[in-house]
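Asker: here are the coordinates; sequence isn't available:
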């Protein structure tokens with residue numbers, strides 16, 4: 001099995017030294033540069049975003065520069081998504097974002113983790129698990145969502161929160177780690 005296949009299956013893989021994965025991330029970094037340096041809302045910027053994501057842009061998708069993706073093609077946005085300035089999508093494990101999601105500035109979606117043992121970590125090992133976000137969610141500024149997390153539809157995540165585990169639908173969560181503070185009717 002290739003390192004890319006291991007990554008896509010959520011297994012430990014060599015993310016730091018594998019030539020295929022390195023080239024894919026370098027390509028995404030170049031495409032992010034093109035997007036981030038283009039005039040906001042221009043045809044060039046929209047084309048660069050389409051190339052980053054490897055797909056046609058969903059209706060009503062707005063992404064403000066700067067934005068960063070590890071791969072880009074493993075992030076999937078629903079219609080009507082708004083991504084504010086300075087967001088990062090570490091998408092080796094895939095990031096699925098539902099419809100009408102508002103993402104505040106400087107949010108990060110981190111699908112990867114590394115071994116606790118430094119000998120394995122120094123080998124470049126990583127494991128990437130998917131992040132899934134339901135429809136109609138709102139993320140305040142500086143929210144971090146960690147690997148393997150599913151957030152139900154209708155959630156509001158308070159600014160500065162770190163989401164380390166799944167959240168049910170229609171809740172307001174806050175804190176480090178994020179915890180349900182109340183349910184939204």
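Answerer: Nice, I can see it. Since the model is a prediction, treat every value here as computed from it, not as a measurement. Residues are numbered from 1 along each chain as shown.

Asker: For residue 163, which residues are in contact?
Answerer: 143, 144, 145, 146, 149, 151, 157, 173, 177, 178 (CB atoms under 8 Å, 6 or more residues apart in numbering). From N, CA and C alone the C-beta is placed, and that goes for glycine too.

Asker: What's opposite it in the beta bridge?
Answerer: When assigned by DSSP bridges, residue 163 has beta-bridge partners residue 145.

Asker: Show me where the chain dips below the pLDDT cut-off.
Answerer: Within the chain, no range satisfies pLDDT under 70.

Asker: Past the helix ranked longest in it, which element shows up next along the chain?
Answerer: In terms of residue count, the longest helix belonging to the chain (DSSP state H) is helix 19-37. The element immediately downstream of helix 19-37 (helix or strand, assigned by DSSP states H and E) is helix 43-53.

Asker: Which other helices and strands does that next one contact?
Answerer: Here helix 43-53 touches helix 19-37, strand 75-77, going by 3 or more CB pairs under 8 Å, 6 or more residues apart in numbering; DSSP states H and E.

Asker: need the contact list for the residue nearest to the spatial centre of the chain.
Answerer: Compute the mean C-alpha point of the chain, and by CA atoms, centre = their mean the closest residue is residue 89, 3.1 Å away. Shown in contact with residue 89 (CB under 8 Å, 6+ apart): 67, 68, 69, 70, 72, 75, 95, 108, 109.

Asker: ok, now residue 179?
Answerer: Applying CB under 8 Å, 6+ apart, the residues contacting residue 179 are residue 173.

Asker: backbone phi and psi for it, please?
Answerer: In terms of degrees, to the nearest 10, the main-chain angles of residue 179 are phi -130, psi 150.

Asker: From residue 93, how far off is the residue nearest to residue 13 when sequence neighbours are not counted?
Answerer: Leaving aside its chain neighbours, residue 13 sits nearest to residue 6 (3.7 Å; criterion: CB to CB, 6 or more residues apart in numbering). To residue 93, residue 6 is 11 Å away according to CB to CB, to the nearest Å.

Asker: neighbour count winner among those two?
Answerer: residue 93 (25 against 20; other CB atoms under 10 Å).

Asker: quick one: the more buried one and residue 111 touch, right?
Answerer: Yes. Look at residue 93 against residue 111 with CB atoms under 8 Å: they come within range, at 3.2 Å.

Asker: Please enumerate the shared neighbours of the two.
Answerer: What both residue 93 and residue 111 touch, as defined by CB under 8 Å, 6+ apart, is the set 128, 129, 130, 131, 147, 148.

Asker: does the last one count as helix, strand or coil?
Answerer: Read that as residue 148. coil (DSSP: H, G, I helix; E, B strand; the rest coil).

Asker: can I assume it is in contact with residue 130?
Answerer: Yes. Counting by CB under 8 Å, residue 148 touches residue 130, with 6.9 Å between them.
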